[in-house]
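Enquirer: here is my input; please provide its structure:
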Amino acid sequence: MRLKYGWNLNPKGFQLAGVQAQLEGIDMIIQAATGSGKTAIAAGPHLWIEGKQSIMVCPLMTLEDEMLVKDILGLKYQINLISPEML
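Expert: Model (predicted):
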């Protein structure tokens, strides 16, 4: 995970446990602070299983909006599709 994500530090214990649970098909609830690395847990299994799909439900619309704006302003995508409600 460290090499693939370009991290300077090793993954945290709860991140490794979360990824391992997914790989083993075990349901898990993780509660951790904003910015603590929960998204890495959702993406972790993709390092081992090709063609895997994940659905991550984020109840914090403000956080999603902020991430989208950062991606758009950072020119991450050439084409951005948004709904009128997002304007």
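
Enquirer: how about L23: what's its closest non-neighbour residue?
Expert: With sequence-adjacent residues excluded and distances taken as CB to CB, 6 or more residues apart in numbering, L23 is closest to P45, at 5.6 Å. To be clear about C-beta, it is placed using only N, CA and C from the backbone, and glycine gets the same treatment.

Enquirer: who touches the one you found in this structure?
Expert: Applying CB atoms under 8 Å, 6 or more residues apart in numbering to P45 gives the contacts V19, Q22, L23, K52, S54.

Enquirer: spell out the secondary structure type for the fourth one.
Expert: Using DSSP: H, G, I helix; E, B strand; the rest coil, the three-state assignment for K52 comes out as coil.

Enquirer: can you give me the pLDDT of the residue nearest to L23?
Expert: The model reports P45 with a pLDDT of 84.

Enquirer: the residue most central in space within the chain: helix or strand, and which one exactly?
Expert: Centroid-nearest residue in the chain: T39, 2.7 Å away (criterion: CA atoms, centre = their mean). Per DSSP states H and E, T39 falls inside helix 38-43.

Enquirer: between the contacts of P45, which is nearest P11?
Expert: V19 (7.9 Å; CB to CB).

Enquirer: wait, that closest one touches K38, no?
Expert: No - with contacts counted by CB atoms under 8 Å, V19 stays clear of K38, the gap being 11.3 Å.

Enquirer: coming back round to it: identify the residues contacting the helix holding T39?
Expert: Applying CB under 8 Å, 6+ apart, the set of residues contacting helix 38-43 from outside is M1, Y5, P11, F14, Q15, G18, V19, Q22, I30, A32, S54, M56.
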